[in-house]
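> Here's a sequence, model it:
(chains A, B, C and D)
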Protein chains: 2
Amino acid sequence: MIRVLLADDQALVRGALAAMLGLEADIEVVAQVGSGDEVVEAARRVRPDVALLDVQMPGKDGLTAAADLKVALPGCRVIVCTTFGRPGYLSRAMAAGALGFVVKDAPPEQLVDAVRRVHAGLRVVDPVLAAESLASGASPLTDREREVLLRARDGGTVSDLAKALHLSDGTVRNHLSSAIGKTGSRTRAEAVRLAEEHGWL
Amino acid sequence: MIRVLLADDQALVRGALAAMLGLEADIEVVAQVGSGDEVVEAARRVRPDVALLDVQMPGKDGLTAAADLKVALPGCRVIVCTTFGRPGYLSRAMAAGALGFVVKDAPPEQLVDAVRRVHAGLRVVDPVLAAESLASGASPLTDREREVLLRARDGGTVSDLAKALHLSDGTVRNHLSSAIGKTGSRTRAEAVRLAEEHGWL
DNA sequence: ACCTGACCATGACAGGTGTCACGGCCGGCA
DNA sequence: TGCCGGCCGTGACACCTGTCATGGTCAGGT
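Numbers count the residues shown, from 1 in each chain, chains lettered A, B, ... in the order given. Below you'll find the model as predicted:
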């Protein structure tokens, strides 16, 4: 029996995934959590063979949860499961020590297949997404630029960002300008959108 | 047996939901589709008792699909199921003739319960969300303002919007200004965000 | 007929924004 | 040691934006 831990913030899909995986004869869902913070704790308790982690979760991110889990229980294989096939997510998941990466658009059989393969120690990655990830490459943004874009996401003025980050207005404008240039866009909103789509946030 | 049609763009959660509902003795999933355009067609073929529609779908919106379905098969009860509990979604779903409204954060039992209740002809709505919907009220935006905000979402300049909508630059600025005023924000990006959160888009 | 409100447009203006040039501070690296 | 690149700041400039006043058309309601 493959013992699986499930982490997803949406209770409905979490329960549904559990039901689906439970139908398989060789798979058993031994724990379910709804936030990234509970992952390590629950894993320590139930000792799962495979952890299936969503990226978008309240509290700790699914990707950082994967990294933490890799430290706490090195023997536990990790699959990262996400709604969005952002190239950056894949590379970050791999860097965090995940063995599998599944998009929620994928057919259901692919997930149970991924669980089995990852349990056997194999890597499971969508080839299309892997190609995109290589093409898109790593984030060209520096830490500051990322931070500025992150704050700019909810649509404040430059002064707002400057106050929030304890910087000068001009500096914020410079970082924004640089980020706009690197993303190949013409406005800050467009830069935010593109950076988000690439998973550079 | 309650015959259910499932519509969700994410194949994984669609399959998982089907597996979960299939576990119930009195529920049978008779069709699954991945876009809003296929809903009516599939429903005509399988004649389901209940249709479970996601809001976010490629092609036709889940809400408009609900309205179309209500016309094509008036006897078919509709549950709208969504990731985001936007107040505007609820009111639009109700206007479209949906009997149930379930958020994906809800516990799994609530969904199967909703299916049974809706099949019996009862309304199923999250009371918290209903309160929010009433508090937030209907969209204060006019059609044009909504359209302009929609285009402004991906971050182009005023001229871009004007060209896309075949309007004058000044007119676009006026609509944006008005939308900014109505949403109580100070920038167009903030207005877009707020309008989106309220489901006014 | 009158008024209201949505829609479109123009023009003008203050303030915000994106860009550039310049300079200084630091840590890493040959 | 010098060089480089990221980071922070200033100042200036052209341009874009958000706001306002004004005026016109057109549908709907009194």
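> show me where chain A has helices.
Taking DSSP state H to define them, one finds helices in chain A at A:11-23, A:37-46, A:62-72, A:87-95, A:108-119, A:127-136, A:143-152, A:158-165, A:169-183, A:188-198.
> so which of the ones you listed comes closest to DNA strand D?
helix A:169-183 (2.5 Å; CB to the nearest atom of the strand). C-beta: built from backbone N, CA, C; applies to glycine.
> angle of that closest one against helix A:188-198?
Angle, helix A:169-183 to helix A:188-198, by axes from the mean of the first three to the mean of the last three CA atoms, to 10 degrees: 50 degrees.
> you'd agree residue A:115 is up against residue A:79?
Yes. Shown here, residue A:115 and residue A:79 form a contact pair, counting by CB atoms under 8 Å, at 6.8 Å.
> Quick check: neighbours shared by the two?
A:50, A:52, A:100 (CB atoms under 8 Å, 6 or more residues apart in numbering or on different chains).
> can you list the helices of chain A in a markdown table and add mean pLDDT, distance to residue B:158 and mean neighbour count?
Below are the helices of chain A laid out as a markdown table (pLDDT from 0 to 100; distance: least, CB to CB, whole Å; neighbours: other CB atoms under 10 Å in any protein chain shown):
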| stretch | mean pLDDT | distance to residue B:158 | mean neighbour count |
| --- | --- | --- | --- |
| helix A:11-23 | 95 | 40 | 22 |
| helix A:37-46 | 95 | 43 | 17 |
| helix A:62-72 | 91 | 37 | 20 |
| helix A:87-95 | 85 | 30 | 21 |
| helix A:108-119 | 95 | 44 | 19 |
| helix A:127-136 | 77 | 30 | 14 |
| helix A:143-152 | 89 | 18 | 19 |
| helix A:158-165 | 91 | 18 | 16 |
| helix A:169-183 | 90 | 17 | 17 |
| helix A:188-198 | 91 | 12 | 21 |
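> near DNA strand D, which residues of chain A?
Residues of chain A lying close to DNA strand D by CB under 7 Å from any atom of the strand are A:142-145, A:167-171, A:173-175, A:187.
> quick one: which of those is nearest to residue A:11?
Residue A:11 has its nearest neighbour among the residues of chain A next to DNA strand D in residue A:143, at 34.6 Å by CB to CB.
> how's chain A carved up into domains?
Domains of chain A are assigned by automatic domain parsing as A:2-136, A:143-198.
> want to throw those into TSV with distance to DNA strand C?
Shown next, in TSV, are the domains of chain A (distance: least, CB to the nearest atom of the strand, whole Å):
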stretch	distance to DNA strand C
domain A:2-136	19
domain A:143-198	3
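> Compile those into CSV and extend it with columns for distance to chain B.
Converted to CSV, those look like this (distance: least, CB to the nearest CB, whole Å):
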stretch, distance to chain B
domain A:2-136, 3
domain A:143-198, 3
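> In a markdown table, list those along with distance to residue B:5.
Listed next are these as a markdown table, based on distance: least, CB to CB, whole Å:
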| stretch | distance to residue B:5 |
| --- | --- |
| domain A:2-136 | 16 |
| domain A:143-198 | 32 |
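> which one of the ones you listed lies closest to residue B:197?
Here domain A:143-198 is closest among the domains of chain A (CB to CB), at 10.2 Å.
> start to end distance for the closest one?
16 Å (CA to CA, to the nearest Å).
> Tell me which of the helices of chain A lies nearest to residue B:111.
That would be helix A:11-23 among the helices of chain A, by CB to CB, at 5.9 Å.
> Measure how the closest one sits relative to helix B:11-23, angle-wise.
Using the same axes, to 10 degrees: helix A:11-23 against helix B:11-23 is 70 degrees.
> What are the contacting residues of helix A:11-23?
Applying CB under 8 Å, 6+ apart, the contact partners of helix A:11-23 are A:4, A:6-8, A:27-29, A:32, A:34, A:52, A:108, A:111-112, A:115, B:12-13, B:15-17, B:19-20, B:23, B:81, B:102-108, B:110-111.
> ok, residue A:76 - contacts?
A:5, A:43, A:47-51, A:69-70.
> Residue A:26 touches residue A:116, doesn't it?
Yes. Assessed by CB under 8 Å, residue A:26 is found in contact with residue A:116 at 7.5 Å.
> what is in contact with these two at once?
residue A:2.
> ok so, going back, who wins on neighbours among the shared contacts of residue A:115 and residue A:79?
Within those, most neighbours by other CB atoms under 10 Å in any protein chain shown means residue A:52, with 28 neighbours.
> For the residue nearest the centre of chain A, give me the pLDDT.
Closest to where the C-alpha atoms of chain A average out (CA atoms, centre = their mean) is residue A:55, at 3.4 Å. At residue A:55, the pLDDT value in this model is 93.
> Could you list which residues are in contact with it?
Residue A:55 makes contacts with A:61-63, A:80-84, A:89, A:93, as judged by CB under 8 Å, 6+ apart.
> now do 6 Å
Contacts of residue A:55 were listed using CB atoms under 6 Å, 6 or more residues apart in numbering or on different chains, and they are A:62, A:82, A:89.
> thinking again about what came up before, do you know which of the domains of chain A lies nearest residue B:127?
Among the domains of chain A, domain A:2-136 comes nearest to residue B:127, with 17.1 Å by CB to CB.
> re the thing from before, of the residues of chain A next to DNA strand D, closest to residue A:74?
residue A:143 (28.6 Å).
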